[in-house]
Structures are given as structure tokens and as C-alpha cells.
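Undergrad: Kindly generate the corresponding structure for this input.
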Amino acid sequence: MTFEDSMKVMKKIENKKIFSSSGIVSILLIIAFSVTIASMTDGVVFFIFMLLFLGAVMGSGAWFIHRSNTRHQQKNYETECVDRVGTLSSDKIILKFDKTKSEIDWDLFEKVIKVESSLVIVKGSNFLGFAEYMFETQSDWQRAKELICNKYVLQSYCT
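TA: Sure, this is the predicted structure:
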């Protein structure tokens, strides 16, 4: 799968939190710094200004860190990505690398999820994705979807 598809899958299968601990700590730090500095000058306007200023500084810093991290992940993904071909059968998934061959039982995975136009079989944080662009013809893709849907029930996409 492409890096972008892989990131979409990771976002879908990771545990979602309503609030991140780093976000809560950042907000509390912004408020604490603003209160401290505003108490020295004794003004509500300056307090609001400091809240906005520190929020902008911390927000832009978080954005730059996230962007840098994503670029680094993409670089690692593309250097580690190995070209492979494979075969899907009713018994197993066969992946062929340069000089090796891996056989993966369907039972290794628990469920299938749909991420945009891809089907992804998942167990925990491990996944194996299948997208239309991975297949030579539309009929190959249709046969693969049917096989995957027969192995794992995904009512909304497979019917």
C-alpha cells in the first residue's frame, strides 16, 4: 500500500482518545503562563493577549513537529517498503519477495475493514491491505474482494 493509504489505515485502527494527555498539559501550561504574566501587569486584556500569543506559539510548534514526524515516517516507509507479488487463495495468502516466499493463513487476522476503496484485514495493530491499484485487472480486484468478504464479514461493503 502507499504511505498515504497506510496512514489512513493506522488512523482507523488505532485507539481513539477524546483528549490527548499532551494536549491537556499544553492547555494547562498556556493558562498557567498567561495567569502568571498577567498577574504581574494586572490586566485582563494582557491576560487574553498572552493566552492567544502562547496558544499560537505552542500550536505552530506542534504543527511543525507533526509535519516533520510525518515526513520522517514517509521516508522510512518508502525505504523499508519491499516490492512483492502475491496470490490470494481460499486457504492462504502467499507473498513472494525477491528470493523468499511467505504463506499467511487467513486465520491470522480477525476482521476486515474498509478504508476508502481499500480492504484491510486486521489483527490488533497488524494489518495487510488490498487496494484496486494492486491488481492487474478489475476482474482480479473483484475476485479478491469476494474472497476477502467470504473470509471476514463486512456487511456494509461486501453486499
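
Undergrad: Name the SS class of residue 76, please.
TA: What DSSP: H, G, I helix; E, B strand; the rest coil gives for residue 76 is helix.

Undergrad: Pull out the buried positions in the helix or strand hosting residue 129.
TA: Per DSSP states H and E: residue 129 is located in strand 126-130. For strand 126-130, the neighbour count (16 or more other C-beta atoms under 10 Å) marks 127-130 as buried. C-beta coordinates here come from the backbone N, C-alpha and C atoms, glycine included.

Undergrad: So what touches that strand?
TA: For strand 126-130, the external contacting residues (C-beta atoms under 8 Å, 6 or more residues apart in numbering) are 1, 5-6, 9, 13, 93, 104, 109, 115, 118-121, 144-145, 148.

Undergrad: Is there a quick ChimeraX command that grabs whichever of those are buried?
TA: In ChimeraX, this line selects whichever of the contacts of strand 126-130 come out buried by 16+ other C-beta under 10 Å:
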select :1,5,6,9,13,93,109,115,118,119,120,121,144,145,148
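
Undergrad: quick one: which of the contacts of strand 126-130 is nearest to residue 67?
TA: For those, the closest approach to residue 67 (C-beta to C-beta) belongs to residue 6, at 17.4 Å.

Undergrad: Would you mind confirming that the closest one is in contact with residue 77?
TA: Yes: with contact defined as C-beta atoms under 8 Å, residue 6 reaches residue 77; the gap is 6.6 Å.

Undergrad: domain assignment for the chain?
TA: By the assignment in automatic domain parsing, the chain contains the domains 3-80, 85-158.

Undergrad: can you list the ones you listed in CSV and add mean pLDDT?
TA: Formatted as CSV, those follow (pLDDT from 0 to 100):
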stretch, mean pLDDT
domain 3-80, 78
domain 85-158, 79
